[in-house]
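Colleague: the following block contains a protein sequence and its predicted model.
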Protein chains: 4
Amino acid sequence: MDSESNDQFKDGCGVMGIIGHPEASKMAYLGLHALQHRGQESSGIVSSDGTNFYREVAMGLVADIFTQDKLDKLHGNIAIGHNRYSTTGSSHIKNCQPILVDYALGPLAIAHNGNFVNDSILRDQLEAYGSIFHSTMDTEVMVHLIAKHNHGQLLDRIIGALHIIKGAYSIVVMDEKNLFAVRDPAGFRPLLLGKIGDAYVVASETCAFDLIEAKLVREIEPGELIHITDKGEIKSYHPFPKAKISSCVFEFVYFARPDSYIFGHHVSEIRRKLGRELARTTHVDADIVIPIPDSGMQAALGYSEESGIPFDLGLTRNHYTGRTFIEPEQSIRHFGVKLKLNPIRSVIAGKRVIVIDDSIVRGTTSRKIIKMIREAGAKEVHMRISSPPTSYPCYYGIDTPSRKELIAATHSIEEITKYITADSLQYLSIENMLNVFGENSKNFCSACFSGNYPIEFCSDTKTRQMRLFE
Amino acid sequence: MDSESNDQFKDGCGVMGIIGHPEASKMAYLGLHALQHRGQESSGIVSSDGTNFYREVAMGLVADIFTQDKLDKLHGNIAIGHNRYSTTGSSHIKNCQPILVDYALGPLAIAHNGNFVNDSILRDQLEAYGSIFHSTMDTEVMVHLIAKHNHGQLLDRIIGALHIIKGAYSIVVMDEKNLFAVRDPAGFRPLLLGKIGDAYVVASETCAFDLIEAKLVREIEPGELIHITDKGEIKSYHPFPKAKISSCVFEFVYFARPDSYIFGHHVSEIRRKLGRELARTTHVDADIVIPIPDSGMQAALGYSEESGIPFDLGLTRNHYTGRTFIEPEQSIRHFGVKLKLNPIRSVIAGKRVIVIDDSIVRGTTSRKIIKMIREAGAKEVHMRISSPPTSYPCYYGIDTPSRKELIAATHSIEEITKYITADSLQYLSIENMLNVFGENSKNFCSACFSGNYPIEFCSDTKTRQMRLFE
Amino acid sequence: MDSESNDQFKDGCGVMGIIGHPEASKMAYLGLHALQHRGQESSGIVSSDGTNFYREVAMGLVADIFTQDKLDKLHGNIAIGHNRYSTTGSSHIKNCQPILVDYALGPLAIAHNGNFVNDSILRDQLEAYGSIFHSTMDTEVMVHLIAKHNHGQLLDRIIGALHIIKGAYSIVVMDEKNLFAVRDPAGFRPLLLGKIGDAYVVASETCAFDLIEAKLVREIEPGELIHITDKGEIKSYHPFPKAKISSCVFEFVYFARPDSYIFGHHVSEIRRKLGRELARTTHVDADIVIPIPDSGMQAALGYSEESGIPFDLGLTRNHYTGRTFIEPEQSIRHFGVKLKLNPIRSVIAGKRVIVIDDSIVRGTTSRKIIKMIREAGAKEVHMRISSPPTSYPCYYGIDTPSRKELIAATHSIEEITKYITADSLQYLSIENMLNVFGENSKNFCSACFSGNYPIEFCSDTKTRQMRLFE
Amino acid sequence: MDSESNDQFKDGCGVMGIIGHPEASKMAYLGLHALQHRGQESSGIVSSDGTNFYREVAMGLVADIFTQDKLDKLHGNIAIGHNRYSTTGSSHIKNCQPILVDYALGPLAIAHNGNFVNDSILRDQLEAYGSIFHSTMDTEVMVHLIAKHNHGQLLDRIIGALHIIKGAYSIVVMDEKNLFAVRDPAGFRPLLLGKIGDAYVVASETCAFDLIEAKLVREIEPGELIHITDKGEIKSYHPFPKAKISSCVFEFVYFARPDSYIFGHHVSEIRRKLGRELARTTHVDADIVIPIPDSGMQAALGYSEESGIPFDLGLTRNHYTGRTFIEPEQSIRHFGVKLKLNPIRSVIAGKRVIVIDDSIVRGTTSRKIIKMIREAGAKEVHMRISSPPTSYPCYYGIDTPSRKELIAATHSIEEITKYITADSLQYLSIENMLNVFGENSKNFCSACFSGNYPIEFCSDTKTRQMRLFE
């Protein structure tokens, strides 16, 4: 992906839940580690021993936050966890999840991946009736709705709340004895059910199951609410009328880990097919095909296979990246990119190079990479993108720049080609992208490419002013 | 005070507010530093620049928490601050004050010294109507009541909330342009109004004014609500019917700083008088009068003056105390006390010693100190306490041990004398203690000595179970 | 490489020096970041402004250690830096480099990559004459020898010291106005000279030049001592008689970054050729060739090219690795490996797989990886190693396990094949490995494969007991 | 003491040693805690289990540095410890003690309180012969001298080194089985021998013994070297010719804890006598005598006793002092002092006040305090100092400002009186000060008052340039 940092597109998080396991919080922790790519800003776990609830949230990476000491305090055989990414403005400890509160039926914890499109309206209504908010997270709205639905047990209250909220969500909820997991009717975000021994586990991607050796049971279906008790009983509810499925195609293009299985497909396989489709539709004569590591790897392999042009590694990646990097005052060309990528001259020099990436956001990074490749001696540089031009922001849980920052929203492909100084630039078309899913090709949201938003959203979504800074 | 640590009796906090000052948060920080003795567990400041709100709270001491960096982020000319002490169970970051939330009229911050006696009932009611709670602080109840009072401006809502809560409170509330300060009708906790240039300031004790060179304007009266705007307008309201005044006498006995002026008296002067009264009513022949530093200082001076027995310093205090102290496995006698106090043999040896302290909690510390004094060569050790036996817990904002832990609740003075191994032990009587206030002697709560609680409290006050651990 | 952690073979460090640059310490910091792979245990920089010397060393990664604050204190236009890895026993702050001391001519700083084989003897002699040692680093011996050589200027003293020490070393030395860089006569470790504007820079690998945009001038020759003054004068000395060159072949096999150029070759190109040679000499029928990422990448590409068997990515790597990882009590199979690698089932299932790695140390990791690959559905797993069996420890600056821990030292290839559960295992022969260097093939040390040590070493090298723990 | 901070005069450290105790490092830690007032900049402990040596040093306070974790690593039944204060320039981790090095006979640790007056000359000589220095501490010179004395056992080498160094020193040295403790022939600094069970302990003051319940055996004599083995054998050596005793009188005036016993006297008793002598010789009519807490306490009590003028507490001290304090931009009068001291108006108002302090350094603090006292309503303020004017810097281990910063060095008493705005100011004369020691009055160094330095010092002592910054 073309971006100054490797997280320009930021998913709205990864979630994890587990019930019936003697080391529930440790399993949640390992699952969150496997889901780290879905959010690197903060992480948290809530657990319960059947009576008390324990919570640990902090800014930072999973492996840094959870010390032995902290995990030891997260008692009990039920736990939920969360990794978060968000925009700078609300990058505060108070916006960490899971949320843990006391309400009429006792303590309750919740974690959420996605975005409620009517969050702002609901928040105004709730405040009008006397609710107070501690954060700017839409998840807090869900908690209020559960608490306000003042009859029935937690299951009824969750269903009541779900009938009010709209948008993209894969949510896990727990009290001291029950775990709930739900996907929105359109199935925007992934959520899967697994099993380790007698314990059930839910997670945003199967890579979390692999690490803890859970077996995939099945995907939770769009619009399905699963209720698992501490006795190991599992029940499925479908509280919504059937809706058109709109799973996020960008999970395949960029977000999900290549070794995960989501929405009925292996991510790696889809990326390979996108690369083949790209080769088929955007051919150019060249000597080598190189990926931008690591995001362009599978697509580049597919491109090479289909085109017969040899795959090679022309850029090396430095994985030792710290929190902040201090730049010299004397400018270094392409500084940000150079910290992460360096061309391998012996591979590139004298060659006509096809560079494969998954997407272009602002174009600034692509421009720097292409210049670096030229300085390393490439004769020609052809850029091929394994998705269509990213022209529209996402309102369903992916943290995209605003429309005016997306180069494809304001420039023609010719202009972008010139800006990034490529000899040629081609994207995959929306149609060809969706082709790779075969009979499932109708079941995807590709709003970020097409502007066709499957669910209406409030005009002020994402514009509500952040006024509380901590 | 007789206690293992120097904070066995822990006040329910110190509060501070300031409006109209270009360095509002810095002034709040200095004020909190001066009020540090009222709470050493956590500290926090919220400020506003008229649009946004900034909050910084953390566990620890004021001087450690607020770095230049953090103070620089607390913009604006209005701020409130809070120091807190609390029992171990709820000693969590989530229980730090001031609380900052969003409600129907926008952001709101609040800090509180005291205790609502109907907190538990209100919490149940609020939850029944769908409220969610993030903490176990009664202050959060106040915020809900303000938010739920769904008409009128903030002033009206505060008054509405105050009509519902009962108990001891000195509260400061702010929005982006207004500062409110209120004392409960019985005036349990101190709160004073001061001025620096054109800025108004409120604080729990005048020592906060001294450090920042604010001039004392007057005490806020019991039952008075003061509203100060960012234009410098100040208005006083008395929203309650006149009630019997019950200011906390223990503020004079132990909590307040000796250099403060509260409830119409200089603390140092009252302590001196308590010492004189003690000498007058509990005479014993002896060679020297020594205080337990620092709490018994003024009373010992008064005792010496009245009795003519020379004052001396027989115990030295080590002020370098860290967070936790590692004890050797081989036991050291009186270890905890020794870290803080050491007898000065040249003062004590061969003498008949009167030891003055402000109170005895469990008796364990007194016992250790008396043994230390004997080992330093004292011929006789007579203990004199400048207050009556502490036999009842406080429900109005002071964090006392439960009744069964208070030695005076379960043992006669003879038994305590024997337990602490004193040659004699005498307390001040309630009557003689109150005498020192002259005509004001009726205006005090001495429930911790007498068991006469001026305000009814819910049976489960302080027993509500803490189930959320963070 | 087969190892539980990714640093089982640990280089004896990376060094960096710069003179004549207004942001000398910032350039050293960036260079050290690029050289991070050569040592992740500690890092340090010394700089001088011509009068005073500034030093910052700490345990940890470059990007974590050097904050803006710390870099700002490293004044001056001359600096040297160092990354270190070492065995656990001496992993202490006192063993961090560069060393900075005061001696007869004033302050002096030094950093070293390599190992003195007569360190132990020299240390005993120096102590016998009254020297004291603060660390167990052989670098400290060098400092003593410079200080003891009590006539002449620093240049003479360095030459004097070099005539006494034996072994592998690439050393940088600085005082307030001079930078010295030297390679041992056999040229074991790399060291190169570059230029940015008027400033000279030396570094262990060219990747450090790339990041700071320095141009490669040339390699410093084996046995060459370069002296650069703050006036930009540069002089070359050859204080030793010509010796047989024995550059470390393992730098190409594993240590150096693929984008670096050392010992007259591009690392990436050599690795590619090793892969081709491996394919040529160890053919097996299979469906795909997959690398262990990232160390086997280039060799796998070469193997694929030569064999015609398609290259693929069958293992994904999780780069979010924290300091320590907390393992569940319930054992997870291949836990350590799983944190880092996960097979991509859709690539592997049903295939005959050739797995390429650069080397096998203990065999435990290879065993786990092969099991993981089988569990992901591989029909056959053939392991191919792009170097000969690693059977002998290195005494020239690479931190290898002892001989008995090296599986190839104690087991036949058949036994190893069985242990790691491969269907077949083959290594590259020493002869074929050296072939790839063409006419330079005689100029390499391959002692870790052959046991032919080009320089004698003291019997107790590496056995001197560490008795000081900090 | 009159100073901006409470550590303007800074002792050259506190030392502690223990041998034969199963919890040696814990005892050292507690002893250092009791000696915290002798140095608050850094602290360290070295221990040995008979084979290995363990060291932990850090900047900061004892109670903050030594966690359970760190103490657990300091194995063995022999340990030495050190608290340090020093000037800003050399306030670096590398200057922390104890020093631990390897030399010809193995590891060796050393800690030192005092100052070598020929440090600079010895350092030059040692460097001329090839020694290297890692720090600017004179203690490092001692280590070199021990190592260079290349025959005999450690005892012989220590004696050899002591014959070369000159100045003030109380030193503890340990190897894995022996503890050595030595005082310089003039006995400048205190050092005492104690016993806990079978273990021997040495410390700078008896307050360290009190906390760990060691019994005082005796003072180590001036010029005495004690050698204690791990078998509990103790031997005494007097390697020097008898010299005139010059114990530091300032230990009594200010540094030592009032509950300590040193140089044959109880500190508290001497301070009391200084106060009496002061009253006898500097009478003035007044209503109350108040101390600057805590340094003027005992002298004020003595003054009150002798004069019959009542003792009172007119200033309260805030003990919650953090590392750094952030001052508002709008100046607050007497800010620094106000953070620590606040007048008690009810005590002072309308009174003629005698203020007692132990010394005046720059006069700035006294000036601020007197102004505060006047603002609190005092009618007259008479300052009385329980020592003579401090006019000369100390070269024997106390960290005094340079001569030109000492107000008494450049101003007459009349000028100082005016500067500090006192109604009158009087000091104790040197003769009267020494009178209180009775027959011992000749055995003290009062160079800081008289300028009569009992031992010659190199002209450049304390002027050697610090060039290494870490």
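Modeller: Arrived safely. Residues are numbered from 1 along each chain as shown, chains lettered A, B, ... in the order given.
Colleague: only C-alpha atoms for contact and neighbour calcs from this point on.
Modeller: Noted.
Colleague: average model confidence for stretch A:155-172?
Modeller: Stretch A:155-172 shows a mean pLDDT of 96.
Colleague: in the stretch 301-450 of chain A, which spans are helices?
Modeller: For the stretch 301-450 of chain A, the helices defined by DSSP state H, counting those that start in this stretch occupy A:335-340, A:345-348, A:364-375, A:407-410, A:413-419, A:430-435, A:447-450.
Colleague: most packed of the ones you listed?
Modeller: Per-stretch averages of neighbours, counted by mean count of other C-alpha atoms under 10 Å in any protein chain shown, single out helix A:345-348 among the helices of the stretch 301-450 of chain A, with a mean of 23.
Colleague: helices and strands around that helix, which ones?
Modeller: helix C:267-281 (3 or more C-alpha pairs under 8 Å, 6 or more residues apart in numbering or on different chains; DSSP states H and E).
Colleague: so which residues make contact with the helix it packs on?
Modeller: A:344, A:346-347, C:252-253, C:256-261, C:298-307, C:384-387, C:427-428, C:432-433, C:436-437 (C-alpha atoms under 8 Å, 6 or more residues apart in numbering or on different chains).
Colleague: same thing but 7 Å
Modeller: Contacts to helix C:267-281, defined as C-alpha atoms under 7 Å, 6 or more residues apart in numbering or on different chains, come from residues A:346, C:252-253, C:258-261, C:298-303, C:306-307, C:386, C:428, C:432-433, C:436.
Colleague: buried residues in it?
Modeller: If you call a residue buried by 16 or more other C-alpha atoms under 10 Å in any protein chain shown, then helix C:267-281 has these buried ones: C:267-279.
Colleague: OK, contacts around the nearest residue to A:C448 once chain neighbours are set aside?
Modeller: Of all residues not flanking A:C448 in the chain, A:Y392 sits nearest, at 4.5 Å (C-alpha to C-alpha, 6 or more residues apart in numbering or on different chains). Going by C-alpha under 7 Å, 6+ apart, A:Y392 touches A:R403, A:A409, A:A447, A:C448, A:F449, A:G451.
Colleague: redo those as JSON lines? Include pLDDT.
Modeller: Formatted as JSON lines, the contacts of A:Y392 follow (pLDDT from 0 to 100):
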{"residue": "A:R403", "pLDDT": "85"}
{"residue": "A:A409", "pLDDT": "95"}
{"residue": "A:A447", "pLDDT": "96"}
{"residue": "A:C448", "pLDDT": "95"}
{"residue": "A:F449", "pLDDT": "97"}
{"residue": "A:G451", "pLDDT": "95"}
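Colleague: next, the contact list for whichever residue of the stretch 101-250 of chain A sits closest to chain C, please.
Modeller: As assessed by C-alpha to the nearest C-alpha, chain C sits closest to A:L211 within the stretch 101-250 of chain A, at 6.0 Å. For A:L211, the contacting residues are A:A34, C:K338, C:L339, by C-alpha under 7 Å, 6+ apart.
Colleague: state the distance from the residue nearest to the first one when sequence neighbours are not counted to C:I326.
Modeller: Distances taken as C-alpha to C-alpha, 6+ apart put A:A208 closest to A:A34, at 5.1 Å, once the chain neighbours are dropped. Counting by C-alpha to C-alpha, to the nearest Å, the gap between A:A208 and C:I326 amounts to 16 Å.
Colleague: between these two, who's got more neighbours?
Modeller: A:A208 (28 against 13; other C-alpha atoms under 10 Å in any protein chain shown).
Colleague: the more buried one should be in a strand, yeah?
Modeller: No - counting by DSSP: H, G, I helix; E, B strand; the rest coil, A:A208 is located in no strand; its state is helix.
Colleague: report how many residues lie close to the residue of the stretch 101-250 of chain A found nearest chain D.
Modeller: Distances between the stretch 101-250 of chain A and chain D by C-alpha to the nearest C-alpha are smallest at A:H134, namely 29.7 Å. Neighbour count of A:H134, defined by other C-alpha under 10 Å: 16.
Colleague: ditto for the one 5 residues further on
Modeller: A count of neighbours around A:T139, defined by other C-alpha under 10 Å, yields 23.
Colleague: equivalent analysis for A:D259, please.
Modeller: 25.
Colleague: also A:V284?
Modeller: Every residue meeting other C-alpha under 10 Å relative to A:V284 is counted, giving 17.
Colleague: name the secondary structure element that contains it.
Modeller: If you go by DSSP states H and E, A:V284 is not part of any helix or strand.
Colleague: so the residue of the stretch 101-250 of chain A closest to chain D sits against B:D102, correct?
Modeller: Yes - counting by C-alpha atoms under 7 Å, B:D102 is a contact partner of A:H134 at 6.5 Å.
Colleague: next up, the contacts around the residue of the stretch 101-250 of chain A closest to chain D.
Modeller: A:H134 sits next to B:V101, B:D102 when contact means C-alpha under 7 Å, 6+ apart.
Colleague: state the pLDDT value of it.
Modeller: Looking at A:H134, its pLDDT is 90.
Colleague: now it. Its backbone dihedrals?
Modeller: The phi and psi torsions at A:H134 (degrees, to the nearest 10) take the values phi -100, psi -10.
Colleague: nearest spatial neighbour of the residue of the stretch 301-450 of chain A found nearest chain D, skipping sequence neighbours?
Modeller: Residue nearest to chain D within the stretch 301-450 of chain A: A:I326 (20.2 Å; C-alpha to the nearest C-alpha). Distances taken as C-alpha to C-alpha, 6+ apart put C:Q68 closest to A:I326, at 6.4 Å, once the chain neighbours are dropped.
Colleague: need the phi and psi values for the one you found.
Modeller: Dihedral pair for C:Q68: phi -50, psi -50, per degrees, to the nearest 10.
Colleague: for it, grab the count of nearby residues.
Modeller: If we define neighbours as other C-alpha under 10 Å, then C:Q68 has 13 of them.
Colleague: pLDDT weak spots in chain A?
Modeller: Low-confidence segments of chain A, defined by pLDDT under 70: A:1-12, A:86-94, A:321-325, A:458-470.
Colleague: how is it carved up into domains?
Modeller: Annotated domains of chain A cover A:10-246, A:266-319+A:332-450 [automatic domain parsing].
Colleague: which of these sits most buried?
Modeller: Across these, the average number of neighbours (mean count of other C-alpha under 10 Å) peaks for domain A:10-246, which reaches a mean of 22.
Colleague: what about that one, distance to the chain center?
Modeller: Counting by C-alpha atoms, centre = their mean, to the nearest Å, domain A:10-246 is centred 15 Å from the centre of its parent chain.
Colleague: up against chain B, what does the stretch 51-200 of chain A have?
Modeller: Within reach of chain B by C-alpha under 7 Å from any C-alpha of the partner chain, the stretch 51-200 of chain A has these residues: A:52-56, A:101-104, A:127-134, A:144, A:147-150.
Colleague: so of those, which ones are in strands?
Modeller: Residues of those located in strands (DSSP state E): A:F53, A:Y54, A:R55, A:E56, A:V101, A:D102, A:Y103.
Colleague: C:V15 versus the residue nearest to A:I326, what's the distance?
Modeller: Using C-alpha to C-alpha, one gets 21 Å for the distance from C:Q68 to C:V15.
Colleague: done for today, thanks.
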